[in-house]
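**Q** Structure, please.
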Amino acid sequence: MQSPMSATQRIKQEPTNDLHFLNLGDQLQADRKYAEAIRAYSKAIAINPINPEIHEKIGDCYNNLSSKKHAISFYIRSLVYRRINDRVYNKIADILAQMNRHEEAGYCRIAHGLHHLVYEFCPEYKDTGLFISDLVKKQNHCSRKTSQDWRLYDATLAQDHLLTYPVGLDQDLSQGPRSITPSLQHPNTWVISLSHGYVFSDPQGIIVADTHQNLLRDFSIGDSILMYHSPLRVPQFFDGKVAFLGSLWGETFYHWMVDVMGRLAILMQAGFSIKDFDCFVFDYQQRPYQKEILECLDIPEDKIISSTPHISLQAKVLMAPTWPGGIRSETVKLLKKLLLHNYQHPNSSASYRTPFRKIFVSRGKAQYRRLLNEDQIWPKIEVMGFEKIFLEDLSLREQAMLFAESKFIIAPHGGGLSNLMFCHPGISVLEIFSPDYVNPCYWHMASVVGLQYFYLVGESKSDDFCVMQDIEIDQAKFENMLQHFLFPR
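**A** Below you'll find the model as predicted:
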């Protein structure tokens, strides 16, 4: 490593060489002269603003100065120019953990997700891209808005659902890590048709862009802004009409059912059908439930382009629905029609029976979020007529039928509860949580479908990332909750 004097001499000889300022900054940082190092690195950035290493080192200096917000800001800027960098994501996660923002730290470390952190720590990115919805508001309202390059279709239905009152013991869902509101509020939904539009996606973000590559914020999700400012892959061109239905984690059961199918429901609500498209783009990994839905929709595999793990595509015509924003009634209607339309119980001539089953959904075969004392809890409910169910052993249609027949459902938080959308209104569900991960998504789903919702918060018995923590529940509390659940006042 060069000495400060040597670096200074080289800077005089070549004042436009960023490496000399970088070397000077390294020496100053090694000497713990962090403020001076920041000044040297800043001069290097002025010469070469796209060098991720320099941004990371400024972040290190600010971190050593205990200026956490500035440190995260420069770490994020480093990721703009080098998206795949475990070391930088871990540095951000460490700082978030020090700030007691443990759930965000976990997502950052495990899933490399930043999302709203970009807006919080890099406010200069807030104005990136176009909000089509803002443009529409400035015009006279009608169902179709057009410009030279795009056409917008209104697919908005009733947006809000009153949330059913969640019944617990001594905890309140409002005390969990996720804030809640008295009603489930959905944004307006639109479908945009883009002439020569673009879509770019990777595991952290999705970009939908117009023919001029302007980021369309209403149709893009995740770390789309960070991604937009990063070098993008050269797109392949598809000479046809493409429906983009992609989602983050869209190959997982909940996100497939709620987000990918939610986007499809919005597309259909705007008046389009499967036969209108030459190709569909979404997260496809040939999982059994994906194949089952596609068979119901009559979408052959040769019409699918998988967006997993990434895609760079320009289409002659690209159509994309807005983000559904969680479970929506039109998604429930679509999936019920697909999976229960021809449903007939083998022992009944009626298409639907009055719900009669009591089921306990076990996660004993799962790799995480298992109920550790299930062997102690199970005998207490088995004698009450409950059946133990492993959903991974059932087809998607069998799962839908099972939930359609169920009157009482007990389950730890997990993707299998997405099947609540097939339940009859008025039935009861008891969801069991880890104390560090109280996610209200199935309470929201229960409210949309019209179910009675109960919950019990257990104890965490592991140091895993909160989303993956196994759960143990107090037996006395569980027995108390059963009385509220099975015999409500």
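**Q** what ranges of the stretch 51-200 of the chain fall below the confidence cut-off?
**A** 133-148, 157-161, 170-185 (pLDDT under 70).
**Q** Could you rerun that using 90?
**A** Applying pLDDT under 90 to the stretch 51-200 of the chain picks out residues 82-85, 102-119, 123-189.
**Q** Helices of that one, start to end?
**A** Taking DSSP state H, counting those that start in this stretch as the criterion, the stretch 51-200 of the chain carries its helices at 52-64, 68-81, 86-98, 102-106, 117-121, 132-137.
**Q** Any stretches of the stretch 351-489 of the chain with poor pLDDT?
**A** In the predicted model of the stretch 351-489 of the chain, residues 351-354, 364-370, 372, 434-440, 458-471, 484, 487-489 satisfy pLDDT under 90.
**Q** if we go to 70?
**A** When residues are selected by pLDDT under 70, those of the stretch 351-489 of the chain lie in 351-353, 461-465.
**Q** Okay, helices next: where are they in it?
**A** Using DSSP H, counting those that start in this stretch, helices in the stretch 351-489 of the chain cover 374-382, 396-404, 441-449, 475-486.
**Q** With mean neighbour count added, can I get those helices in CSV?
**A** Bear in mind the C-beta positions are built from the backbone N, C-alpha and C, glycine included. Listed next are these as CSV, based on neighbours: other CB atoms under 10 Å:
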stretch, mean neighbour count
helix 374-382, 15
helix 396-404, 21
helix 441-449, 22
helix 475-486, 15
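**Q** ok so, going back, can you say which of the helices of the stretch 51-200 of the chain is nearest to S42?
**A** Within those, the stretch nearest S42 is helix 52-64; the backing value is 7.0 Å (CB to CB).
**Q** Contacts for the closest one, please.
**A** 18, 22, 25-26, 29, 32, 34-35, 37-38, 41-42, 44-45, 48, 68, 70-75, 77-82, 85, 88, 91, 95 (CB atoms under 8 Å, 6 or more residues apart in numbering).
**Q** cool, and stretch 368-383?
**A** 358, 360, 362-364, 388, 410, 412-414, 432, 434, 458, 461, 464, 467-473, 475, 478-479, 482.
**Q** Just the element for Q286, please.
**A** Using DSSP states H and E, Q286 is not contained in any helix or strand.
**Q** Filter the contacts of helix 52-64 down to the buried ones and hand me the PyMOL line.
**A** Buried subset of the contacts of helix 52-64, written as a PyMOL selection, criterion 16 or more other CB atoms under 10 Å:
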select buried, resi 18+22+25+26+29+34+37+38+41+44+45+68+70+71+72+73+74+75+77+78+79+80+81+82+85+88+91+95
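**Q** which helices and strands sit right next to the longest strand along the chain?
**A** Longest strand in the chain by number of residues (criterion: DSSP state E): strand 311-321. Under the contact criterion of 3 or more CB pairs under 8 Å, 6 or more residues apart in numbering; DSSP states H and E, strand 311-321 touches strand 190-195, strand 198-202, strand 236-244, helix 261-269, strand 279-282.
**Q** Report the angle between the fourth one and strand 190-195.
**A** This means helix 261-269. Relative orientation of helix 261-269 versus strand 190-195 (axes from the mean of the first three to the mean of the last three CA atoms, to 10 degrees): 80 degrees.
**Q** quick one: contacts of helix 261-269?
**A** 155, 157, 189-191, 243, 245-247, 282, 293, 297, 319-324, 326-328, 330-331, 333-335.
**Q** Between strand 236-244 and it, find me the angle.
**A** Going by the same axes, to 10 degrees, helix 261-269 makes 80 degrees with strand 236-244.
**Q** Please tell me how far helix 261-269 is from the chain's geometric centre.
**A** Chain-centre distance of helix 261-269: 17 Å, with CA atoms, centre = their mean, to the nearest Å.
**Q** what is the mean pLDDT for it?
**A** Here helix 261-269 scores 95 as its mean pLDDT.
**Q** mind exporting it as PDB, just the C-alpha atoms?
**A** Output in PDB follows, covering the C-alpha atoms of helix 261-269 (Å, rounded to 0.1, in the frame of the first residue of the first chain):
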ATOM      1  CA  MET A 261     -52.900 -15.300  -9.700                       C
ATOM      2  CA  GLY A 262     -53.900 -11.900  -8.300                       C
ATOM      3  CA  ARG A 263     -52.300 -10.200 -11.300                       C
ATOM      4  CA  LEU A 264     -54.000 -12.700 -13.600                       C
ATOM      5  CA  ALA A 265     -57.400 -11.800 -12.000                       C
ATOM      6  CA  ILE A 266     -56.700  -8.100 -12.600                       C
ATOM      7  CA  LEU A 267     -55.900  -8.800 -16.200                       C
ATOM      8  CA  MET A 268     -59.200 -10.700 -16.600                       C
ATOM      9  CA  GLN A 269     -61.200  -8.100 -14.700                       C
END
